[in-house]
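Trainee: Task: produce atomic coordinates for the following.
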Amino acid sequence: MMGIQNVLRKDSNLYGYQEVDSKGKYKLLKNKNVFPIVYVTSDTLSESKFDKLFYPYNLDTIYNRTIVNGKTSNEYASKMKLIKNLDQSILIQNKKKTKKIIPIYFRC
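Mentor: Next up, the predicted model:
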């Protein structure tokens, strides 16, 4: 999440990074899936609205909106759903009409 695409290390064991070059004992690693250092968005939410959210909805919101100081006209409703009965399953469908049922179990 910090925008670091290239890393120079002695070992190549770094999650998300692939070795692209080496010289001597040093290896150049690259991750093409990093966030940019700077970005622009209109997907904002006011800090006062964000402060009213509770876990886990605040986590969902912070990943889908930029929280700004001041008023905004933007709204955001979390797509997370509360599961009251933990011994149930979730049905996931995609555009290719493939279905997958994933059971959810609660264990202490």
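Trainee: When you work out contacts or count neighbours from here on, use the C-alpha atoms and nothing else.
Mentor: Will do.
Trainee: neighbouring strands for the lowest-mean-pLDDT helix or strand in the chain, and are they parallel or not?
Mentor: In the chain, the helix or strand scored least confidently by mean pLDDT, DSSP states H and E is strand 88-93, which has a mean of 72. Strand pairing for strand 88-93, determined by DSSP bridges: strand 99-104 (antiparallel).
Trainee: where are the low-confidence patches of this structure?
Mentor: Applying pLDDT under 70 to the chain flags the ranges 1-2, 83-88, 104-108.
Trainee: if you count residues, which helix in it comes out on top?
Mentor: Taking DSSP state H as the criterion, the chain has its longest helix at helix 57-64.
Trainee: Put the alpha carbons of it into PDB.
Mentor: The C-alpha coordinates for helix 57-64 follow below in PDB (Å, rounded to 0.1, in the frame of the first residue of the first chain):
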ATOM      1  CA  TYR A  57     -18.100  -1.100   8.300                       C
ATOM      2  CA  ASN A  58     -15.400   1.500   9.000                       C
ATOM      3  CA  LEU A  59     -12.800  -0.800   7.400                       C
ATOM      4  CA  ASP A  60     -14.900  -1.400   4.300                       C
ATOM      5  CA  THR A  61     -15.500   2.400   4.000                       C
ATOM      6  CA  ILE A  62     -11.900   3.400   4.400                       C
ATOM      7  CA  TYR A  63     -10.900   1.000   1.500                       C
ATOM      8  CA  ASN A  64     -13.600   2.300  -0.800                       C
END
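Trainee: Just the buried residues of that helix, please?
Mentor: Neighbour-count burial for helix 57-64, counted by 16 or more other CA atoms under 10 Å, picks out Y57, T61.
Trainee: Can you spell out which helices and strands pack onto the very next helix or strand once past it?
Mentor: The C-terminal neighbour of helix 57-64 among helices and strands, as given by DSSP states H and E, is strand 66-68. Here strand 66-68 touches strand 44-46, helix 47-50, going by 3 or more CA pairs under 8 Å, 6 or more residues apart in numbering; DSSP states H and E.
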